[in-house]
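Colleague: got a predicted model here, sequence first, then my questions.
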Amino acid sequence: MVSNDQRRRQLAREKFLRQQQRRESARRRSRTRNTVIASALAVVVVAGVGALAAGAFDGKDKKDSVAAEPSASPSKAADPCKKPAAGKVKSLSWKKEPALTVDKAADYTMNLATTCGDIGIDLKTKEAPHTVNSFDFLAGKGFFDHTKCHRLTTNGIYVLQCGDPKGTGAGGPGYTIPDENLKDKSLKGNVYPAGTIAMANTGQKHTGGSQFFLVYQDSQLPPSYTPFGTISDSGMKVLKKIAAAGESTGQGDGAPNATVVIDKATVTKS
């Protein structure tokens, strides 16, 4: 017999997948619209490709990001984070994945200096070289700087989704990267353990872009999202602080009440 908790998680995952599918359809319509406009006005429009986590991430989160459905917002919890640093998101887009230049034998770390505290991450370069290479490239270009973490899921799956320059769940770098490391030994029983950072996508293979999700509590998801790093203990404390402030809809999936902005993202080779 399926327990109430298992059923709740299953419904959350199904909702996440439906959201990803809706987002992908909306992106297709948007790309078609842009193509027509470009033809009429002789303007070249580069459409960004977004991806999060399973409905949660596009999760493609997308958790390519998955944008939370609008709903009446209850009273928000106190914001535990600071004001964002001065500056604005850069409008950047590329037509193809950057050349693979990371050293697969070296150790790389990423630091997300956010308004809520620093989130340090040990990257899995050997297991996910294309993903780490893309983050190294994007961070070096300032792509993530001043971007909001636009989605917090607190029911069924437990993730914070970030990496969308638009802050809507539909943004990306203009290119996609291949899925990697889907058989990582940390993924047991279709559970992404707390402390995992993984790529969001559209629900289709090889559709990751720049959106990613940070897992602050064990979350059951299909092994379709590239796990490419492990969050530090201090970073986990930051995530739990963000999660404790809740999300805006009161339904377990929406914009975080905390003002989570990545002031600066850096990738370092050691």
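Modeller: On my side now, so go ahead. From a predicted model like this one, the values you see are computed outputs, not experimental measurements.
Colleague: pull the distance from stretch 148-156 to the chain's centre.
Modeller: Distance of stretch 148-156 from the chain centroid (Cα atoms, centre = their mean, to the nearest Å) equals 10 Å.
Colleague: how about it, which residues are buried there?
Modeller: 148-154, 156 (16 or more other Cβ atoms under 10 Å). The way it works is simple: take the backbone N, C-alpha and C, and place the C-beta from them, glycine included.
Colleague: widest-spaced pair of those residues?
Modeller: Lys148 and Gly156 (22.6 Å; Cβ to Cβ).
Colleague: shaky segments in the protein?
Modeller: 1-77 (pLDDT under 70).
Colleague: and the strands in it?
Modeller: For the chain, the strands defined by DSSP state E occupy 108-114, 117-123, 147-148, 151-155, 157-162, 191-192, 196-199, 212-215, 219-220, 227-231, 253-254, 261-269.
Colleague: nearest to Asp79, of those?
Modeller: Among the strands of the chain, strand 261-269 sits nearest to Asp79 (Cβ to Cβ), with 11.5 Å.
Colleague: in that closest one, which residues are buried?
Modeller: 261-265, 267.
Colleague: same question, stretch 243-261
Modeller: 243, 245-250, 252-261.
Colleague: inside helices: which ones of those?
Modeller: Judged by DSSP state H, the buried residues of stretch 243-261 include Ala243 as members of helices.
Colleague: and Ile165, how many residues sit next to it?
Modeller: Careful, residue 165 is Pro; it's not Ile. 24 (other Cβ atoms under 10 Å).
Colleague: distance of it relative to Tyr108?
Modeller: From Pro165 over to Tyr108 the distance is 22 Å, taken as Cβ to Cβ, to the nearest Å.
Colleague: just Val89 next, same as before
Modeller: Taken as Cβ to Cβ, the span from Val89 to Tyr108 is 24 Å.
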